[in-house]
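> Provide a 3D model corresponding to the input given below.
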Amino acid sequence: MNWKSRYFARVFPRGRASDDAHRSGGDAADVDVKRARAPHGVNATTMFAMTRARAPLARAGERRDGAVGKHATGGAARGTARVGRARRGLIVTNVATPSKGSSDAPKRSKVEIIKENSDYLRHPLIAELATEASFISEDAAQLYKFHGGYQQDDREKRAFGEGKFYQFMMRTKQPAGKVPNKLYLTMDDLANTHGNGTLRLTTRQTYQLHGILKSDLKATFSTVIRNMGSTLGACGDINRNVTASPAPYANKPEYAIAQDLASDIADLLAPQSGAYYDVWLDGEQIMTAEKPEVTAARMENRNGTNFEGSPEPIYGTLFLPRKFKVGVTVEGDNHIDVLTNDIGIVVVMRDGKHVGYNIYVGGGMGRSHRNEETFPRAATLLGFCAPRDILYAVKAIVCTQRDYGRRDDRKQSRLKYLVHAWGMERFKTVTEQYYGKKFEEGKELAPFEFPTYLGWNEQGDGKLWYGVHVQNGRLRGEMKKALRNVIERYELPVRLTAQQDLLLTDVDPSWKADIMNTLKAAGVKDAEDVDALERLSMACPALPLCGLAITEAERGLPEINARLRTVMTKVGLAASDDLMIRMTGCPNGCARPYMAELGFVGDGPASYQIWLGGTRACTGVSQAYEDRVKVDNIETFMEPIFAMWAQQRKSGEYFGDFINRVGFEALRAFGKSYVPSAVVAPAAAVAPVASVDTAGRLPRVMVERNAFEALQAYAEKHNTTLTQATTDAIMKMIAADK
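Alright, predicted model coming up:
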């Protein structure tokens, strides 16, 4: 029988039950039987298997067009038949997006087939890790992502005629950025023994360890697993690390609530099949613990959310259509860029009591150049739920994306495109059927601010925390050694921030002086001594390891920040004037440049697309202002924009707010009439710029290769930039000559 002519039963709740009925069983259900087309990316065999447990798209008797955006065309399900009252355990299926056109074979991306045939992420990864080759196949590399990493090629270490220089990156999962002391020391050791000697702090509060050889992979992963760590689900089509405001306040309970929820959601959405241990520990199980309420939420299936009897009750064999990100914060604190997540959650307190959560959906940064159907999006308010309902609400949203997110086109597979195509009302209606009740109206919240958590702060329990600025998240050289020293000496737990910085927590006040002296001796600057632009900036790793990178980011931003400061000083802006700058080497947006006041997005070799208009609180998406701005022309390009800000801003007006007030048309008009020599900065605000070509770029000097390599080694050892290292060397030489 052709699968199109099969009938599948779908369960609909008879009515909105009370909270108690929702959690304890509720009433029986009516059954609606419809003829269904298969979802995008699902063949006949898979469609039949999917009847284990899925939820409906619409209420009984409601006509659906079934389309998700203009790419999803084709016939809708038709025909409705009442068959009375259902008994529990009835087979349920969703009726999802129809395939394009009239073809009998729904289109599926290659990754969907790899996942389905992998035995829940085992094969062919297990076999290929055992070979002597320096790399793994594309199929295995796709599965490796789910386990927590990427296969990479160091473009700068390729030897002529020998092809790619393969190595591997491993990413950990640290809900809320919490790192136990034991795990910190383990990661620090692994960077030296199995990595490239550095540790990378990511924009989602995790570690990345670069430079691992394939022969060292199992030893590296097993060491992390046995020392209180995990990498499972750090990459791949799955829930990624759950971020949360990391501040260790002991006297502000909302922060602990957010951090605990991040951990619970991470447990709820973690893969369950055991493949992780089969791959990295040869099947040995490591004891883990989760709250009973997390287990109960995962296994509940009254609303057709689960694959009954499957090793993966939420994910099934296909997992999610694309990556999935969740962030949790507290009212007024947007350190984590909560609206950039697929699900953003805000803890709501009233009169000191926790009353529930506001839930936002459909955020995401990734896009593609010259593809207007891809775009960054800030999450939209879905509604409010009580504390005991939050895990069920999260699960309902995930299952909606699982069943209706597109699986034919990975560029259109994120939740934001489903929300955009359907609209919030339709998305809410579908999600509520998985949830089993209606969402309440969202609560009014205080405006967001963007704290960095840097410097010394009181925890509220008699102890302190110290926020250390880590330039673009790269721990190396003397800084890495000094941090290891104090963290090991005082057995400090650590928290990673969403700004790629690091918090030393639970510090006894009597240790403060020693910690400061140790860090200062290694050249680690206190936050107050770091330029304001540097403190707020962020970049992705980009070249040479990221396969998607078009140009520099991590290695290029420090110099560009210094050049921008020179321009700002020239036009009369004070050293205390700052703006949020973020840079990525490609348009995928890992460093969230589309939320920044000034975003640099790589669009060619030594070239960037400029985005303007993000806000300091990271509550709205910026807009593309100019394409293909060359690195050498950044000063010339930015000078009129900064000059207009200096001349026309209101008192205390942030750069992003100024851009949004005056608009792009006014910016362009000012730039056309701008004459650099007409700008005269106040003398007190101007740093010496006599040696700088302020009309164009900073001067360039050619050096011999051995001198360059020595400077590069010096910069890495002292955790500084090549520009600063070169400047220091020259100034020392000049001073000695005098």
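> Where does the residue nearest the centre of the chain sit, in terms of helix or strand?
By C-alpha atoms, centre = their mean, the chain has its centre lying nearest to R204, at 5.0 Å. In this structure, R204 sits in neither a helix nor a strand according to DSSP states H and E.
> Count the neighbours of the spatially closest residue to it that is not a sequence neighbour for me.
In space, and not counting its chain neighbours, R204 is closest to N241: 4.9 Å by C-beta to C-beta, 6 or more residues apart in numbering. In this view, the C-beta of every residue, glycine as well, is placed from N, C-alpha and C. A total of 28 residues lie near N241 under the criterion other C-beta atoms under 10 Å.
> For the stretch 101-250 of the chain, just list every one of the strands.
149-153, 166-171, 178-179, 199-201, 207-212, 243-244 (DSSP state E, counting those that start in this stretch).
> tell me the mean pLDDT over the fourth one?
Per-region confidence: strand 199-201 scores 98 on mean pLDDT.
> now stretch 224-239
Mean pLDDT, stretch 224-239: 97.
> Tell me where the longest helix sits in the chain.
helix 655-673 (DSSP state H).
> quick check: mean pLDDT across that helix?
Helix 655-673 shows a mean pLDDT of 98.
> same thing with stretch 603-619?
Mean pLDDT, computed over stretch 603-619, is 97.
> Same question for stretch 386-405.
Averaging pLDDT along stretch 386-405 gives 98.
> out of the strands of the stretch 101-250 of the chain, which comes closest to G362?
Smallest distance to G362 across these (C-beta to C-beta): 16.7 Å, for strand 243-244.
> Need the pLDDT of T721.
pLDDT, T721: 64.
> For the longest helix of the chain, buried residues please.
By neighbour count on 16 or more other C-beta atoms under 10 Å, the buried set for helix 655-673 is F655, G656, D657, F658, I659, N660, V662, L667, F670.
> closest to R649 among these?
Nearest member of the buried residues of helix 655-673 to R649, counting by C-beta to C-beta, is F658, at 4.9 Å.
> mind listing the helices for the stretch 301-450 of the chain?
390-404, 415-422, 424-435 (DSSP state H, counting those that start in this stretch).
> Turn those helices into TSV, including mean neighbour count and distance to R367.
Shown next, in TSV, are the helices of the stretch 301-450 of the chain (neighbours: other C-beta atoms under 10 Å; distance: least, C-beta to C-beta, whole Å):
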stretch	mean neighbour count	distance to R367
helix 390-404	25	18
helix 415-422	24	10
helix 424-435	20	21
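> Just say which of the strands of the stretch 101-250 of the chain is most tucked in.
Highest mean neighbour count of the strands of the stretch 101-250 of the chain: strand 243-244, a mean of 34 (counted as mean count of other C-beta atoms under 10 Å).
> What strands line up against it, and which way round?
When pairing is defined by DSSP bridges, strand 243-244 lines up against strand 326-330 (parallel).
> The residue nearest to R204 contacts A266, correct?
Yes. N241 lies in contact with A266 (C-beta atoms under 8 Å); the separation is 7.3 Å.
> okay, and the common contacts of the two?
Taking C-beta atoms under 8 Å, 6 or more residues apart in numbering as the criterion, N241 and A266 both touch K173, P175.
> give me the low-pLDDT residue ranges for the stretch 1-150 of the chain?
1-105 (pLDDT under 70).
> Now with 90, please.
Low-confidence segments of the stretch 1-150 of the chain, defined by pLDDT under 90: 1-107.
> what distance separates the longest helix of the chain from the centre of its chain?
Distance of helix 655-673 from the chain centroid (C-alpha atoms, centre = their mean, to the nearest Å) equals 30 Å.
> just checking, what packs against it?
Judged by 3 or more C-beta pairs under 8 Å, 6 or more residues apart in numbering; DSSP states H and E, helix 655-673 is in contact with strand 607-612, strand 623-630, helix 634-648.
> Quick one: mean pLDDT for the longest one?
For helix 634-648, mean pLDDT is 98.
> Against which helices or strands is that helix packed?
Packing partners of helix 634-648 (3+ C-beta pairs under 8 Å, 6+ apart): helix 557-570, helix 655-673.
> neighbouring contacts of that helix?
With contact meaning C-beta under 8 Å, 6+ apart, helix 634-648 is reached by 560, 563-564, 566-568, 570-573, 610, 612, 626, 629, 655, 658-659, 662, 666-667, 670-671, 674, 676, 679, 694-698.
> Generate a ChimeraX selection restricted to the buried subset of those.
To isolate in ChimeraX the members of the contacts of helix 634-648 that are buried, counting by 16+ other C-beta under 10 Å, one can use:
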select :560,563,564,566,567,568,570,571,572,573,610,612,626,629,655,658,659,662,667,670,679,694,697,698
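> where does F642 sit relative to I634, distance-wise?
The spacing between F642 and I634, counted by C-beta to C-beta, to the nearest Å, is 11 Å.
> about what we covered before: so which of the helices and strands packed on helix 634-648 is nearest A596?
So among those, helix 655-673 is nearest, using C-beta to C-beta, at 8.0 Å.
> mind listing the helices for the stretch 151-300 of the chain?
Going by DSSP H, counting those that start in this stretch, the stretch 151-300 of the chain shows helices at 181-193, 217-225, 253-268, 275-280, 292-299.
> who's in contact with the residue nearest to R204?
N241 is in contact with T172, K173, Q174, P175, R204, Q205, T206, A234, A266, counting by C-beta under 8 Å, 6+ apart.
> Looking at these, which is nearest W456?
Q205 (20.9 Å).
> tell me, how many neighbours does that closest one end up with?
Counted by other C-beta under 10 Å, the residues lying close to Q205 total 28.
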